[in-house]
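Novice: Sequence plus the predicted model coming up.
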Amino acid sequence: MTRSPAFCGVILAAGESARMGQPKALLPWHGGTFLSGAIRLLNSFTDLVIVVAGQNVEQLRPIVNAQAAFLVVNPQPERGQFSSLQIGVQEVLNRGRDAAIVTLVDRPPARAETVNHLKQEFLNHLEQNLWAAVPEHAGKHGHPYVAGRELIGQYLDATPSANAREIHHANESRILYTPVNDPFVTLNLDTPEDYAQFCATYSEKAHA
């Protein structure tokens, strides 16, 4: 019987948010922020949560500490998001876990039901040598997604100039793309106008 993996949450939060004009991690949502909401969400499904910060580390530290998460720093966030992913999943292994639920901080948290479904789909397919369970909404793949030890190894063996999408496409037979009824998994908020329109569209109850 396949041994059940131990999970960490990994939140990628090292981006500059240049077009937004302020850290997306700190955007208000549900009485907190995108970051605090993401930590609370992943804490429900993992042993611990790791937040990968960049030059914004001191801005994020109070929230990370208040939510009992763990902070690691990408010393060169200009290398891109994949370099933060590599740092985050290496920390997963360093802390004795072998699977990750990976998400971005630049959008509001997905539904708890979405994360639970992805995690269960991953666990249900372990006997089939599944490496990941990735959400799909309206024909697009998104976050959060579940990555097992094999996929983590692929990330760590790649160069920082690679990206997760390339690695997923190269190993499609090992990736379970799971349809979900959750538009937040593919949401893209880049500018203050995007955020204002989003807030006007979704009340705080609309995605509770």
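Specialist: Good, I have the coordinates. Numbers count the residues shown, from 1 in each chain.
Novice: Show me where this structure has its helices.
Specialist: When secondary structure is read from DSSP state H, the chain shows helices at 34-43, 57-66, 81-94, 112-124, 149-157, 164-170, 192-201.
Novice: For these, give me JSON lines that also has distance to Y177.
Specialist: Placement of C-beta: from N, CA and C, glycine included. Rendered in JSON lines, the data for the helices of the chain read as follows (distance: least, Cβ to Cβ, whole Å):
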{"stretch": "helix 34-43", "distance to Y177": "21"}
{"stretch": "helix 57-66", "distance to Y177": "31"}
{"stretch": "helix 81-94", "distance to Y177": "19"}
{"stretch": "helix 112-124", "distance to Y177": "10"}
{"stretch": "helix 149-157", "distance to Y177": "14"}
{"stretch": "helix 164-170", "distance to Y177": "9"}
{"stretch": "helix 192-201", "distance to Y177": "25"}
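Novice: of all those, which lies closest to A14?
Specialist: The stretch from the helices of the chain with the least distance to A14 (Cβ to Cβ) is helix 81-94; that distance is 4.5 Å.
Novice: The closest one - contacts with which helices or strands?
Specialist: In terms of contact count using 3 or more Cβ pairs under 8 Å, 6 or more residues apart in numbering; DSSP states H and E, helix 81-94 is assigned the packing partners strand 7-12, strand 48-53, strand 70-73, strand 99-104, helix 149-157.
Novice: Please repeat the previous calculation with a cut-off of 10 Å.
Specialist: Under the contact definition 3 or more Cβ pairs under 10 Å, 6 or more residues apart in numbering; DSSP states H and E, helix 81-94 sits against strand 7-12, strand 48-53, strand 70-73, strand 99-104, strand 145-147, helix 149-157, helix 164-170.
Novice: pLDDT on it, on average?
Specialist: Helix 81-94 shows a mean pLDDT of 97 in the predicted model.
Novice: Does R107 touch L41 like I think?
Specialist: No. Using Cβ atoms under 10 Å, R107 is not in contact with L41; the gap is 11.8 Å.
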